[in-house]
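Asks: what's the 3D shape of this:
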Amino acid sequence: MKKFNYLTFIFAILILTISFNAPSYSFELKNPADALKKLKGNSSGGEKFDFKNANTDLVRTFFESSNNYLQAQEYLLIAYGKNTEAAQVKEAIAYAKDAGVDNAKRLMNSIQVSTDASKAIESSMGDESFQLTAEGKASFAQSLPFLLKGVMGTIQLKPQTQAMMSNIQGNPMAALKELGGLTKVIPNVPKYIATLTSTTKLVISGAKAKKIEGSNSLDKAMSDLTL
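Replies: Sure, this is the predicted structure:
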């Protein structure tokens, strides 16, 4: 019994000596689920793009911007006596606010109506024989605050659209599954933004030439949009 205790004591000393002299290593226990998630992220080149949330943000930003811009276009068309076109724009605003209509249809309709209105506005402003009445100038001035809000919203819309477009092209099947019909509509947004920018520049220069109140406030917003 004594011999057993003595041997046990010697063995314990030996183990302690090895422990103190051996190099130390630290080991961190990891959650297997986290490790698996990390591997999946690495194999796909990064975290999975959240199409659902990105789409929600883009749609919200688009309509906040577009509805203001359409309202500005309505006033501008009235200023130039284009009452039929103004009525069509007014209907488009109501349609865009109808939550019962599919997002893809609402978004496409706003883009189409806004684009047609831009053409009508540019044509009217290019007609040097047309002279704005006092009422026309007042309607023109009414458009500018809405135009400013529309431009400010588009400044946010531009990078959101670029990110969405990039990820749709990178993963078209996932995009189609999450976005449905919007995958065919979203590619039209960059051209819509370009048209909006071009028309707005024309409106600003026209407002300044005609000394419409409020035209100077748009300069900074436009410089941010075109960067």
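Asks: which parts of the protein are strands?
Replies: Taking DSSP state E, the chain contains no strands at all.
Asks: any weak-confidence spans in it?
Replies: 1-47, 221, 225-227 (pLDDT under 70).
Asks: remind me, longest helix of it?
Replies: Ranked by number of residues, the top helix in the chain under DSSP state H is helix 134-170.
Asks: buried ones in it?
Replies: The neighbour-count check on helix 134-170 (16 or more other CB atoms under 10 Å) flags 136-137, 139-158, 160-161, 164, 167-168 as buried. In short, each C-beta sits where N, CA and C put it, glycine included.
Asks: how far does that helix sit from the chain's center?
Replies: 11 Å (CA atoms, centre = their mean, to the nearest Å).
Asks: likewise stretch 83-103?
Replies: 21 Å.
Asks: can I get it in PDB, CA atoms only?
Replies: Provided in PDB are the C-alpha atoms of stretch 83-103 (Å, rounded to 0.1, in the frame of the first residue of the first chain):
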ATOM      1  CA  ASN A  83     -54.500  69.800 -68.500                       C
ATOM      2  CA  THR A  84     -55.100  66.300 -70.100                       C
ATOM      3  CA  GLU A  85     -51.600  65.200 -69.300                       C
ATOM      4  CA  ALA A  86     -51.900  66.700 -65.800                       C
ATOM      5  CA  ALA A  87     -55.000  64.600 -65.200                       C
ATOM      6  CA  GLN A  88     -53.100  61.500 -66.300                       C
ATOM      7  CA  VAL A  89     -50.400  62.200 -63.800                       C
ATOM      8  CA  LYS A  90     -52.900  62.800 -61.000                       C
ATOM      9  CA  GLU A  91     -54.400  59.400 -61.800                       C
ATOM     10  CA  ALA A  92     -50.900  57.800 -61.600                       C
ATOM     11  CA  ILE A  93     -50.400  59.300 -58.100                       C
ATOM     12  CA  ALA A  94     -53.600  57.700 -56.900                       C
ATOM     13  CA  TYR A  95     -52.700  54.400 -58.600                       C
ATOM     14  CA  ALA A  96     -49.300  54.400 -56.900                       C
ATOM     15  CA  LYS A  97     -50.900  54.800 -53.500                       C
ATOM     16  CA  ASP A  98     -53.300  51.900 -54.000                       C
ATOM     17  CA  ALA A  99     -51.800  49.200 -51.700                       C
ATOM     18  CA  GLY A 100     -54.100  46.600 -53.300                       C
ATOM     19  CA  VAL A 101     -52.200  46.800 -56.600                       C
ATOM     20  CA  ASP A 102     -49.000  44.700 -57.100                       C
ATOM     21  CA  ASN A 103     -45.800  46.600 -56.500                       C
END
